[in-house]
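*Asks:* This is a predicted model, with the sequence first.
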Amino acid sequence: MGTAERREAAVDGAVAHVTVRQGSLEAPDRDIPADAREAVDSGGQTQARPLWVEEPARRRRMPDPVRTAAVRAVIIIAVTMVQAMVAFFCTMAGSWLAFPMVISSVVSTVVATWGALDVWVTRQVWNQRNGVISVPSSTARALRRERRRARRQGRAAERAQERIRRQSGTGRLSHS
């Protein structure tokens, strides 16, 4: 409950809730209006608001293989950036380490480019294997719905024809 502490004390067999303020030494939060800091419940007691309110995610979570490739690419790119900085500073200082660092930075740049392309290719492969998320306005969904409806109607017509054939007795030798 934030700065308020609730205690239960037995008084004549009934339970009484006592609220004790301990935050008298703390400065109040000036950004939050006084009426929004605390809420009073039906019993007249003050209750602190929750620290955060969970909201649904705006974007779906990336698939695991794509996320793994993205993390790998970020790490490779970070290492490449550090190598490039070290190569620059070694060059400015005239150190013997400048040439090997420049060569390794060039190689790292190629590897970082591969890492970024790997994220893109992994994402494309995952979408191709697992399909894209269909939204209500998707034309693919409408086409599938029409095909299903046509198949259902075809099966219903076939059952009706079968029923008519059985009832009319065509193909039987006798009508007894």
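*Replies:* Good, I have the coordinates.
*Asks:* Please make it C-alpha for all contacts and neighbour counts, starting now.
*Replies:* Noted.
*Asks:* For the host helix or strand of I77, enumerate the helices and strands it packs against.
*Replies:* I77 is part of helix 64-93 when elements are defined by DSSP states H and E. When contacts are defined as 3 or more Cα pairs under 8 Å, 6 or more residues apart in numbering; DSSP states H and E, helix 64-93 sits against helix 98-130.
*Asks:* Also compute the angle for the helix it packs on relative to helix 64-93, please.
*Replies:* 170 degrees (axes from the mean of the first three to the mean of the last three Cα atoms, to 10 degrees).
*Asks:* dump the residue contacts of A69.
*Replies:* Residues in contact with A69, defined by Cα atoms under 8 Å, 6 or more residues apart in numbering, are 115, 118-119, 122.
*Asks:* I misspoke; the intended subject was A98.
*Replies:* Contacts of A98 by Cα under 8 Å, 6+ apart are 87-91.
*Asks:* Between the residues you listed, which sits nearest R129?
*Replies:* Of all the contacts of A98, A87 has the smallest distance to R129: 42.0 Å, by Cα to Cα.
*Asks:* Let me know how buried that closest one is, in neighbour terms.
*Replies:* Residues near A87, counting by other Cα atoms under 10 Å, number 22.
*Asks:* looking at it, it is touching V102, isn't it?
*Replies:* Yes. Counting by Cα atoms under 8 Å, A87 touches V102, with 5.4 Å between them.
*Asks:* Let's see if you can find the most crowded of the contacts of A98.
*Replies:* Busiest of the contacts of A98 [other Cα under 10 Å] is A87, holding 22 neighbours.
*Asks:* Relative to F99, how far out is that residue?
*Replies:* 8 Å (Cα to Cα, to the nearest Å).
*Asks:* hang on, the earlier thing: need the contacts of A69 in TSV with pLDDT and neighbour count, can you?
*Replies:* As requested, these are exported to TSV (pLDDT from 0 to 100; neighbours: other Cα atoms under 10 Å):
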residue	pLDDT	neighbour count
G115	96	21
D118	95	17
V119	95	20
T122	94	18
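*Asks:* can you tell me which two in those are farthest apart?
*Replies:* Taking Cα to Cα, no two of these sit farther apart than G115 and T122, at 10.4 Å.
*Asks:* still on that earlier bit, now the contacts of A98 as JSON lines including pLDDT and distance to L51?
*Replies:* JSON lines is the format used below for these (pLDDT from 0 to 100; distance: Cα to Cα, whole Å):
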{"residue": "A87", "pLDDT": "95", "distance to L51": "46"}
{"residue": "F88", "pLDDT": "95", "distance to L51": "46"}
{"residue": "F89", "pLDDT": "96", "distance to L51": "46"}
{"residue": "C90", "pLDDT": "95", "distance to L51": "49"}
{"residue": "T91", "pLDDT": "95", "distance to L51": "51"}
